[in-house]
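K.L.:
3D, please:
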Amino acid sequence: MKIQDVIVSEGLTGFYFDDQAAIKAGAEMDQFTYTGDPRTPYFKAIRQAGEALSIMLVLENDMIAYGDACAVQYSGAGGRDRLFEAKNAKAFFEAHLTEKLIGVDVSRFRENAEYFDNLKIDEQPIHTALRYGITQALLEAAAKANQKTMCEIVRKEYNIPGNTYRMIPIFAQSGDDRYNNVDKMIMKEVDVMPHGLINSVKYKLGQHGELLGEYVKWLKNRIVSKRLNPEYHPILHIDVYGTIGMIFDDDIDKCYRYLKELSGIASPFSLRIEGPIDKGNREETKDALKALKQKIDADEACHVEIVADEWCNTLEDVKYFADENAAHMVQVKTPDLGGVNNTIEALRYCLKKGVGAYSGGSCNETNISAEVTTSIAMACEAKQCLAKPGMGSDEGIMIVKNHMMRTLALIESRR
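P.N.:
Next up is the predicted model:
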């Protein structure tokens with residue numbers, strides 16, 4: 001089955017691009033926007049609409065395989081590619097990539113994905129977002145050509161053993177509406193919650209961590225008081241974007257003691273803290289997280305896990321953090337890795353190393369990218385899967401959960 005035509009269209013993502021540097025420097029919120037000037041190159045404002053490029057592969061039988069090129073909310077930060085602009089990406093795609101895709105036999109996913117993921121134009125790699133979108137479309141095309149689910153294609157081509165599939169625990173994100181959205185998560189009995197978006201010391205963490213402590217206490221009490229099923233016992237997972245390191249001057253002992261205090265507040269619920277320290281580069285961030293993890297692991301009374309995110313952007317980065325045992329869990333931030341073939345490799349590598357494999361991504365994705373990467377999470381048996389896109393929580397939970405349920409039903413119907 002070959003590609004006979006390629007169509008691309010500009011579109012929107014489920015959230016926004018945010019200038020992380022400006023926000024961490026103290027940019028003031030003005031309703032849903034921010035005041036002040038952006039600090040990261042190519043941003044026109046601190047918060048601006050997220051953009052996507054939809055890629056449609058028209059196959060010989062006139063079926064269409066879809067993929068969406070998109071990038072994370074905090075584009076341009078933590079060593080990532082520059083801001084993704086759909087208009088420029090469309091022009092680049094039509095000039096350099098359309099003809100390379102026409103005529104490709106899509107029956108085999110892996111070799112096609114690796115080719116386009118490694119492709120260079122004028123000796124430069126193509127933007128991670130484009131690699132992400134093209135390989136999504138190639139995976140769906142392989143599934144259509146072989147009359148299988150994307151999940152089954154991944155298992156087959158990567159020689160992943162087992163022919164049974166299961167629901168992957170869903171991790172929902174609240175955005176800044178971290179109170180109302182928690183109620184939604186409790187009603188829908190989300191497995192892991194609420195993300196929290198703790199990206200400001202002044203407004204969300206507190207100069208001594210007191211604001212986050214109060215929030216964790218509220219979160220625990222809210223679950224206990226509002227759950228209908230007393231057996232509902234979610235994991236609390238909060239992303240702090242390096243702000244804990246900021247208030248304690250990256251002092252490992254102080255960060256450890258604070259995390260231990262937080263875990264006590266969260267009890268009896270398990271606690272995960274994503275990105276507790278960000279040193280501004282990969283090596284030092286890895287060293288800090290590794291030292292913090294060793295402190296936690298040495299204390300049987302400290303019930304908290306740390307999650308690596310910033311500076312863990314590529315397949316090489318994921319392997320590096322896993323090899324160094326620098327965190328209890330590594331987020332495989334799917335758009336940052338470029339081709340979804342890298343997401344597959346990264347999740348499998350984490351599992352092999354005994355590190356928590358978190359199939360993540362961004363609120364700033366689309367329904368298409370969410371469905372493709374959810375299939376991959378199922379195939380690779382990730383430890384958890386991000387509900388995306390958007391920050392309203394309902395939408396992402398619906399898209400990811402329903403896709404898993406449909407996939408399981410389709411596979412079971414053919415047995």
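K.L.:
what residue lies at the spatial centre of this structure?
P.N.:
Of all residues in the chain, the one closest to the mean position by Cα atoms, centre = their mean is Gly361, 1.6 Å from it.
K.L.:
what about it, which SS state?
P.N.:
Here Gly361 takes the coil state, with states given by DSSP: H, G, I helix; E, B strand; the rest coil.
K.L.:
In space, what's closest to it - neighbours in sequence excluded?
P.N.:
The shortest distance from Gly361 to any non-neighbouring residue, by Cβ to Cβ, 6 or more residues apart in numbering, is to Thr334 (4.2 Å). Using the backbone N, CA and C atoms, a C-beta is placed for each residue, glycine as well.
K.L.:
Model confidence for that neighbour, exactly?
P.N.:
Predicted confidence (pLDDT) for Thr334: 97.
K.L.:
Just give me how far the helix or strand Ser369 falls within sits from the chain centre.
P.N.:
Ser369 belongs to helix 367-380 when assigned by DSSP states H and E. From the chain centre to the centre of helix 367-380 is a distance of 11 Å (Cα atoms, centre = their mean, to the nearest Å).
K.L.:
what mean pLDDT does the helix or strand just after it have?
P.N.:
For helix 367-380, the following helix or strand on the C-terminal side (DSSP H and E) is strand 384-386. The pLDDT scores in strand 384-386 average 98.
K.L.:
Equivalent analysis for stretch 144-163, please.
P.N.:
What stretch 144-163 shows for mean pLDDT is 96.
K.L.:
ends of it, how far apart?
P.N.:
The stretch stretch 144-163 measures 19 Å between its terminal residues, going by Cα to Cα, to the nearest Å.
K.L.:
OK, contacts around Ala322?
P.N.:
Shown in contact with Ala322 (Cβ atoms under 8 Å, 6 or more residues apart in numbering): Val330, Tyr349, Cys350, Lys353, Val355.
K.L.:
would you list those in CSV and tack on neighbour count, pLDDT and secondary structure?
P.N.:
What follows is the contacts of Ala322, written out as CSV (neighbours: other Cβ atoms under 10 Å; pLDDT from 0 to 100; DSSP: H, G, I helix; E, B strand; the rest coil):
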residue, neighbour count, pLDDT, secondary structure
Val330, 28, 97, strand
Tyr349, 19, 98, helix
Cys350, 26, 97, helix
Lys353, 16, 96, helix
Val355, 22, 97, coil
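K.L.:
Run through the chain and note the low-pLDDT ranges.
P.N.:
Residues of the chain meeting the criterion pLDDT under 70: none.
K.L.:
and with 80 instead?
P.N.:
In the predicted model, the chain carries pLDDT under 80 at residues 24, 78-79, 415.
K.L.:
Now do the helices in the stretch 201-350 of the chain.
P.N.:
Taking DSSP state H, counting those that start in this stretch as the criterion, the stretch 201-350 of the chain carries its helices at 210-226, 243-247, 252-266, 282-297, 315-323, 340-353.
K.L.:
Tell me which of those helices sits nearest to Asp394.
P.N.:
Proximity to Asp394 (Cβ to Cβ) singles out helix 210-226 among those, at 16.2 Å.
K.L.:
Report the buried residues of that closest one.
P.N.:
By neighbour count with 16 or more other Cβ atoms under 10 Å, helix 210-226 contains the buried residues Leu211, Leu212, Gly213, Tyr215, Val216, Leu219, Lys220, Arg222, Ile223.
K.L.:
Can you tell me which of the residues you listed comes closest to Thr243?
P.N.:
Leu212 (8.6 Å).
K.L.:
got a list of what Gln207 touches?
P.N.:
Counting by Cβ under 8 Å, 6+ apart, Gln207 touches Val201, Ile247.
K.L.:
at 10 Å instead, please
P.N.:
By Cβ atoms under 10 Å, 6 or more residues apart in numbering, Gln207 lies in contact with Val201, Met246, Ile247.
K.L.:
Looking at these, spot the one nearest Cys255.
P.N.:
Set against Cys255, the nearest of the contacts of Gln207 by Cβ to Cβ is Ile247 (9.0 Å).
K.L.:
Could you tell me how many residues sit around that closest one?
P.N.:
Burial of Ile247 is recorded as 20 neighbouring residues (other Cβ atoms under 10 Å).
K.L.:
Surely Asn364 is within a helix?
P.N.:
No. Counting by three-state DSSP, Asn364 is not found in a helix; it is coil.
K.L.:
Quick check: can you name the pairing partners of the strand or helix carrying Ile55 and their directions?
P.N.:
Secondary structure from DSSP H and E places Ile55 in strand 47-59. Sheet partners assigned to strand 47-59 using DSSP bridges are listed as strand 3-18 (antiparallel), strand 64-69 (antiparallel).
K.L.:
Kindly compare burial across those strands and name the winner.
P.N.:
Each of these was given a mean neighbour count from mean count of other Cβ atoms under 10 Å, and the largest, a mean of 23, is that of strand 64-69.
K.L.:
and it with helix 340-353, angle?
P.N.:
70 degrees (axes from the mean of the first three to the mean of the last three Cα atoms, to 10 degrees).
K.L.:
quick revisit: mind putting the contacts of Gln207 into TSV with distance to Cys70?
P.N.:
Listed next are the contacts of Gln207 as TSV, based on distance: Cβ to Cβ, whole Å:
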residue	distance to Cys70
Val201	29
Met246	29
Ile247	33
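K.L.:
closest to Asn325 out of the strands paired with strand 47-59?
P.N.:
Distance to Asn325, taken as Cβ to Cβ, is lowest for strand 3-18 among the strands paired with strand 47-59, at 30.9 Å.
K.L.:
how distant is that closest one from the center of its chain?
P.N.:
Distance, stretch centre to chain centre, for strand 3-18: 18 Å (Cα atoms, centre = their mean).
K.L.:
next one: stretch 295-306
P.N.:
Computed by Cα atoms, centre = their mean, the chain-centroid distance of stretch 295-306 equals 25 Å.
K.L.:
do the same with stretch 73-84
P.N.:
The chain centre lies 14 Å from the centre of stretch 73-84; the measure is Cα atoms, centre = their mean.
K.L.:
can you dump the C-alpha coordinates of it into CSV?
P.N.:
C-alpha atoms of stretch 73-84 as CSV (Å, rounded to 0.1, in the frame of the first residue of the first chain):
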residue,chain,number,x,y,z
GLN,A,73,3.6,24.2,25.8
TYR,A,74,7.1,25.4,26.9
SER,A,75,8.7,25.4,23.5
GLY,A,76,12.2,26.8,23.2
ALA,A,77,12.9,26.0,26.9
GLY,A,78,15.1,23.2,28.4
GLY,A,79,17.1,22.7,25.2
ARG,A,80,14.1,22.2,22.9
ASP,A,81,13.6,23.3,19.3
ARG,A,82,12.4,26.8,18.6
LEU,A,83,8.7,27.8,18.7
PHE,A,84,6.7,25.8,16.1
